[in-house]
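A.B. asks: what follows is a predicted protein model with its sequence.
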Amino acid sequence: KQEVTQIPAALSVPEGENLVLNCSFTDSAIYNLQWFRQDPGKGLTSLLLIQSSQREQTSGRLNASLDKSSGRSTLYIAASQPGDSATYLCAVSTAWKVSSNTGKLIFGQGTTLQVKP
Amino acid sequence: GAVVSQHPSRVICKSGTSVKIECRSLDFQATTMFWYRQFPKQSLMLMATSNEGSKATYEQGVEKDKFLINHASLTLSTLTVTSAHPEDSSFYICSARDLFSGNTIYFGEGSWLTVV
């Protein structure tokens, strides 16, 4: 059974710092991995999606890496800003099979980030 | 980009009544949609996979008769919480799979259900 773990559960940093969020998963047979942002009481915003064949993806100040063999992914946030404060969720998609209902996302518990001005 | 709309965003209902939440893909067809539940300060837990034109596939521990899912068209899935109880109060969020954009998953904004 796939399990996704995120460390740390909470993180507080001063503005301007670079930081790394960690995600690990137990089954390397994944289709892709996504990082999401969730603001309190809101839905999910997809930040980065890494296909299983890829090593990393970048978008602005965000960089996500994937090491499928070791079951790890990191989300690197450069020059953090107070507006980055949110909960960051990592989710893996199971290997896709047309004939089944796979492709569902298994989420980690999230890392709640606070960036202080 | 693709949009998934959920309605209502917030609903309060009395114990024992039923409430329906809609999930619509606005500019793409979604043969598969997913329903998740999120308790406060916890992560999202998949409840069921909704397939257009067929029965939903429920995750272990999710009551089929309590959480009715209907996916009657390629753009609409509904979740009906039947005989709601206060412990059903939660954040329900759906996602839809866009077959024609590399199976990208798009999430709705979520629906807050409070049962009083």
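C.D. replies: Perfect, I can see it now. Residues are numbered from 1 along each chain as shown, chains lettered A, B, ... in the order given.
A.B. asks: where does chain A come near chain B, residue by residue?
C.D. replies: Residues of chain A lying close to chain B by Cβ under 8 Å from any Cβ of the partner chain are A:31, A:34, A:36, A:41-44, A:46, A:49, A:89, A:91, A:93, A:96, A:101, A:103-110. Quick note: C-beta positions are derived from backbone N, CA and C, even for glycine.
A.B. asks: quick one, which of those residues are buried?
C.D. replies: The neighbour-count test (16 or more other Cβ atoms under 10 Å in any protein chain shown) marks A:31, A:34, A:36, A:43-44, A:46, A:49, A:89, A:91, A:93, A:103-110 as buried among these.
A.B. asks: what residue lies at the spatial centre of chain B?
C.D. replies: By Cα atoms, centre = their mean, the mean C-alpha position of chain B lies nearest to residue B:35, the distance being 3.8 Å.
A.B. asks: name all residues that make contact with the nearest residue to residue A:39 once chain neighbours are set aside.
C.D. replies: Among residues not flanking residue A:39 along the chain, residue A:86 sits closest, at 5.1 Å (Cβ to Cβ, 6 or more residues apart in numbering or on different chains). Residues in contact with residue A:86 (Cβ atoms under 8 Å, 6 or more residues apart in numbering or on different chains) are A:37-40, A:112-113.
A.B. asks: now swap in residue A:36 and tell me
C.D. replies: Listed by Cβ under 8 Å, 6+ apart, the contact partners of residue A:36 are A:44-47, A:88-91, B:107.
A.B. asks: kindly state the pLDDT recorded for residue A:93?
C.D. replies: Note on residue A:93: pLDDT of 87.
A.B. asks: hmm, it is touching residue A:30, no?
C.D. replies: Yes. Using Cβ atoms under 8 Å, residue A:93 is in contact with residue A:30, at 6.3 Å.
A.B. asks: about what we covered before: what distance do you get for the residue nearest to the centre of chain B to residue A:37?
C.D. replies: Counting by Cβ to Cβ, to the nearest Å, the gap from residue B:35 to residue A:37 is 21 Å.
A.B. asks: can you check residue B:58 too?
C.D. replies: Taken as Cβ to Cβ, the span from residue B:58 to residue A:37 is 28 Å.
A.B. asks: how about residue A:68?
C.D. replies: 23 Å.
A.B. asks: any idea what residue 20 is bridged to?
C.D. replies: No chain specified, so I'll use chain A. residue A:76 (DSSP bridges).
A.B. asks: um, chain B though
C.D. replies: Following DSSP bridges, residue B:20 is listed with bridge partners residue B:80.
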